[in-house]
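1. Next come a sequence and a model predicted from it.
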Amino acid sequence: MSSTKATPEESERFAKDILKQQMPEFYGGNITDKAHKNMNIQVIGEDVKCVLNAMQNLIVTGPNSILSAAERGAAMGQIYALNRDNVVGVLNAGTNTISADLKRAVILQETVRAFSTRLLPLRLFSTVFGNVPLQGTDEVVVPYFPLQTAASTDFVQANGYVFAGTSNSSSKKITVNKRKYQPLDYSSNDFRRQPYFDAVRLGAMNADKLAVDVLKDILSVVTLANFGAAAKVLATASWTSDDIVDMMGACNDATWPDAGRSFIMTSALNTALQKDNNYKLAINIGGTEVIRGGKLPNISGFDVAWMPSLPANGENLIAFAAFASAILSAFAPVDPAAGVRQQLLAYEVATDPATGISFNYRHWGNPDADVDREVIECAYGYAAGEAAAIKRATSA
């Protein structure tokens, strides 16, 4: 296998093709106007040379890295997602001709995958995942579809059709006032001395913990005060498929739509339910998801999710059924101020193209302490939605 170089024309043409086909809303013409040009990267094999150089072409360092960070991050995510195996294969080959900036870009792409996977339960609610910094405000308008409670109207010929503003859609302003971050404790020296996948593993672990903490914070709104008395009170180990049916019945009694229902639970409750033969045996559930994949399929009309740290909220919460309008949340990065930008070596917005979930990355250093400083950060806000859109379950 021989080393080769991609020409600037090849790299830019490849990047433009990706953006035109996959992200027309971000395509602005000349990619190289937004990124600094480092075309002297050697790669192994012909198939990935344009991929690596297109990724390199989207990397910006220094104060200007804030410019078009969201667009570059979205484009980087698309390119990487389409060519992940080939890129990982090159980096696994042990070549030392790949720049540290490009290695870091790949690590961020792997890290955001772990981050978005853990945050997936939020897609069951009304959530806006934004990757563009807010300008002049810290509010995001979150649209949602409330439960319909208006009674149907009898037609009266003398009155004709009467409209009372009962259209089943609404929105609410959410203040993005929360910021959580995880430090990435590796430096350029670490890149040269440890295997590539050690850095990926470290980044993924940090991203997973960041997402867990964000999700736990948002779900802190699932309380008696916000959503009323528990629909089910039962010890975790005692739950069976019949109790899921009871939760379904509580939703039916509240006239929830059949579509858009979810059931979120602790990992302990997920374990208890998977021991139920009604779910475990393929002949009963019509598939082998539980026994082979360790995953409950949609059950009793619910999209199912579980998390290892579902907050008990001081009320023994172990699960809840929800409609999409139950929790409203919004995500948007914080744009570094001008003085801060001058101190940053790099600022990136990493976006998972499959989910649209993003986090932002900052890199700077402290020469007095001789340390590199890197963080991945998530800025978000949330509020309880409709009180009738959650049915809680507690263990006591």
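-> Sure thing, it's come through. Residues are numbered from 1 along each chain as shown.
2. So which bits of the host helix or strand of residue 171 are buried?
-> Residue 171 belongs to strand 170-175 when assigned by DSSP states H and E. Neighbour-count burial for strand 170-175, counted by 16 or more other C-beta atoms under 10 Å, picks out 172, 174. Just so you know, the C-beta spots here come from the backbone N, C-alpha and C atoms, and that holds for glycine as well.
3. Following element in sequence after that strand, please.
-> Downstream of strand 170-175 (by DSSP H and E), the next one is strand 178-183.
4. What strands line up against that next one, and which way round?
-> Strand 178-183 has the following sheet partners, assigned by DSSP bridges: strand 371-384 (antiparallel).
5. Describe which strands the helix or strand following the partner strand pairs with in its sheet and in which direction.
-> Sequence-wise, the next helix or strand downstream of strand 371-384 (DSSP H and E) is strand 390-394. Using DSSP bridges, strand 390-394 pairs in its sheet with strand 232-233 (parallel), strand 317-323 (antiparallel).
6. Adding mean pLDDT as columns, could you present the ones you listed in TSV?
-> Formatted as TSV, those follow (pLDDT from 0 to 100):
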stretch	mean pLDDT
strand 232-233	98
strand 317-323	96
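7. Columns distance to residue 247 and mean neighbour count on top of those strands, output as TSV?
-> Formatted as TSV, those follow (distance: least, C-beta to C-beta, whole Å; neighbours: other C-beta atoms under 10 Å):
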stretch	distance to residue 247	mean neighbour count
strand 232-233	6	16
strand 317-323	5	26
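8. and of those, who's closest to residue 388?
-> Checking those against residue 388 by C-beta to C-beta gives strand 317-323 as the closest, at 8.2 Å.
9. So what touches that closest one?
-> By C-beta atoms under 8 Å, 6 or more residues apart in numbering, the surrounding residues in contact with strand 317-323 are 124-125, 147, 222-223, 227, 231-232, 236, 247-248, 250-251, 256-257, 260-266, 268-269, 302, 310-312, 386, 389-395.
10. From residue 240, how far out is residue 308?
-> Distance of residue 308 to residue 240, computed by C-beta to C-beta, to the nearest Å: 22 Å.
11. So which of the two has more stuff around it?
-> Applying other C-beta atoms under 10 Å to residue 308 and residue 240 shows that residue 240 carries more neighbours, namely 16 against 11.
12. Setting the sequence-adjacent residues aside, check what's closest to the more buried one.
-> Closest residue to residue 240 apart from its sequence neighbours, by C-beta to C-beta, 6 or more residues apart in numbering: residue 276 at 5.1 Å.
13. circling back: now intersect the contacts of strand 317-323 with the helices, please.
-> Using DSSP state H, the members of the contacts of strand 317-323 that fall in helices are 227, 247, 248, 250, 251, 268, 269.
14. Surely the last one and residue 238 touch.
-> Translated: residue 269. No - Residue 269 is beyond contact range of residue 238, at 10.2 Å (criterion: C-beta atoms under 8 Å).
15. Pick out whichever of those two has more residues nearby.
-> Neighbour count, other C-beta under 10 Å: between residue 269 and residue 238, residue 269 has more, with 22 against 9.
16. wait, what's in contact with that one?
-> Counted by C-beta under 8 Å, 6+ apart, residue 269 has contacts 236, 239, 306, 318, 319.
17. got a markdown table for those residues, with distance to residue 160 too?
-> Shown next, in a markdown table, are the contacts of residue 269 (distance: C-beta to C-beta, whole Å):
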| residue | distance to residue 160 |
| --- | --- |
| 236 | 56 |
| 239 | 52 |
| 306 | 51 |
| 318 | 51 |
| 319 | 47 |
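18. Now flag whichever of these is closest to residue 362.
-> Among those, and counting by C-beta to C-beta, the member closest to residue 362 is residue 306, at 32.1 Å.
19. how far away is the closest residue to the closest one other than its chain neighbours from residue 155?
-> Spatial nearest neighbour of residue 306, chain neighbours left out: residue 270 (3.9 Å); criterion: C-beta to C-beta, 6+ apart. Shown here: residue 270 relative to residue 155, a distance of 49 Å by C-beta to C-beta.
20. and these two? which has more neighbours close in?
-> residue 270 (22 against 9).
21. surely the more buried one meets residue 305?
-> No - counting by C-beta under 8 Å, residue 270 does not reach residue 305; the two are 9.1 Å apart.
22. how much space between residue 364 and residue 65?
-> The gap separating residue 364 from residue 65 is 11 Å, by C-beta to C-beta.
23. meant to ask about residue 354, not that
-> Remark: distance between residue 354 and residue 65 (C-beta to C-beta) = 25 Å.
24. Just the endpoints, please. Distance across stretch 219-238?
-> Stretch 219-238 has its terminal residues 24 Å apart, counting by C-alpha to C-alpha, to the nearest Å.
25. All set now, cheers.
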